[in-house]
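*Asks:* need a structure here:
(one chain, ligands or ions: 1)
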Amino acid sequence: MTEREFEQLYGRKPYKKRVRYKIYWGRIFIAVIILVLIIYLIVKAVSGLISIIKNTGSSDSSSASAAAAVSQAQSEDRDSAKSSKTKKQESAAADKIADGALTVCIDAGHGGYDAGTTDMTGLRQEKADTLEAALKIKAELEKIGVTVVMTREDDTALEHSERCAAANDAKADMFVSIHRSSSDRDYQGVEVWVNNAKPEYDVMLAGNILSALREVGISEDRGVQFGYVGNSSVNYYVNADTVMPSCIVELGFLSSDLDNELFDEHIDEYAAAAARAIVKTAKETGLLDSSGKRTDPEQLISKEKEINGGSEDSSQADEQQGDENNGYGEQTDGEVYNTQENEAYDPSQDADYYTEDTLYY
Ligand SMILES: [Zn+2]
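*Replies:* Coordinates of the predicted model:
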């Protein structure tokens, strides 16, 4: 009915329906939050896209991710370093051996006029880092009861033959040479070099040292390596002319800021780790029993190494930087091992990894 008919019938105007709107504050609140979130995500996505577009074609994005990886590696290293500290304290007593039951020669690489390699500024020299590390390893070994022979304890220049003689004359059971490497490329990490004959005890020693250092925290594990950098058919002098198990520990790259930082931060722990690894090796070879007593009065000998070691002529490689032949050793017929015997040696990898003049030890 119309309004008029209603008025005639009821004598008044009809009540107008009042439309009430209920306001759902809760729903509005949630909607606003969702909207804000969506706007936030859109802004993020757009800014992300812009930065990707900006970095395309430039090296910024890769260096940024490399920096992120490095900082992650650093924090991981720090974490593992923290956990290893308690481990170190626990095992210190267990490592103690009978005094003088083991004789080890520690060789601080380079020295005197031979500074070794340097960092990018040229101010930080390998010879100083190797001496610092070697002296700390000596102190850690002596704490355990090991007799330590040092090739040098100050900034003195030494011939490779003198380093080997120091170990051979003292009838040392193991020889550990400390070095640091450097490269024009952004290499980083620790590697340990042994004779290319892959002598059992030498490989054991190198592996134990490397895994102990890895526990402390290193930027990269570059593995146990055989022979000579870029040429596995020749050996580093000190890995050829020492008669006992030997290895060269390359404690990170001086050309890597991260490696230098790790070296400075963890040098005490590295030294303790190396000392523990040396004693562990003595036990694994059976030279020491589990309680740290010597089982065999004879010097520990690296038998496989005798084949291409033990004389001046057979130490082909001079690992001094700036050698006449770009740091590569000469091959002597009949005394070198052919590369096919070294499964780990991959010449194509070497060509990529080690170009002449880019890596110094
Ligand atoms: Zn060196």
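*Asks:* could you pull out the strands for the stretch 101-250 of the chain?
*Replies:* Chain-ordered strands for the stretch 101-250 of the chain, with DSSP state E, counting those that start in this stretch as the definition, fall at 103-108, 147-150, 174-183, 190-194, 221-226, 246-253.
*Asks:* would you turn these into CSV with mean neighbour count and distance to the ion?
*Replies:* Just so you know, the C-beta spots here come from the backbone N, C-alpha and C atoms, and that holds for glycine as well. CSV is the format used below for those (neighbours: other Cβ atoms under 10 Å; distance: least, Cβ to the ion, whole Å):
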stretch, mean neighbour count, distance to the ion
strand 103-108, 28, 10
strand 147-150, 18, 17
strand 174-183, 27, 3
strand 190-194, 26, 10
strand 221-226, 19, 14
strand 246-253, 28, 7
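*Asks:* Next, format those strands as CSV and append distance to T281.
*Replies:* Below are those laid out as CSV (distance: least, Cβ to Cβ, whole Å):
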stretch, distance to T281
strand 103-108, 10
strand 147-150, 15
strand 174-183, 7
strand 190-194, 12
strand 221-226, 13
strand 246-253, 10
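*Asks:* Could you save those strands as CSV and add columns showing mean pLDDT and distance to E7?
*Replies:* Converted to CSV, the strands of the stretch 101-250 of the chain look like this (pLDDT from 0 to 100; distance: least, Cβ to Cβ, whole Å):
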stretch, mean pLDDT, distance to E7
strand 103-108, 98, 115
strand 147-150, 98, 119
strand 174-183, 96, 102
strand 190-194, 97, 102
strand 221-226, 97, 98
strand 246-253, 98, 101
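*Asks:* Would you tell me which of these gets closest to K138?
*Replies:* Shortest distance between K138 and the strands of the stretch 101-250 of the chain, using Cβ to Cβ, is found for strand 147-150: 4.6 Å.
*Asks:* Contacts only, for the nearest residue to E142 once chain neighbours are set aside.
*Replies:* Sequence neighbours aside, V148 is the residue nearest to E142 in space, at 5.9 Å (criterion: Cβ to Cβ, 6 or more residues apart in numbering). Listed by Cβ atoms under 8 Å, 6 or more residues apart in numbering, the contact partners of V148 are T103, V104, C105, I106, K138, L141, E142.
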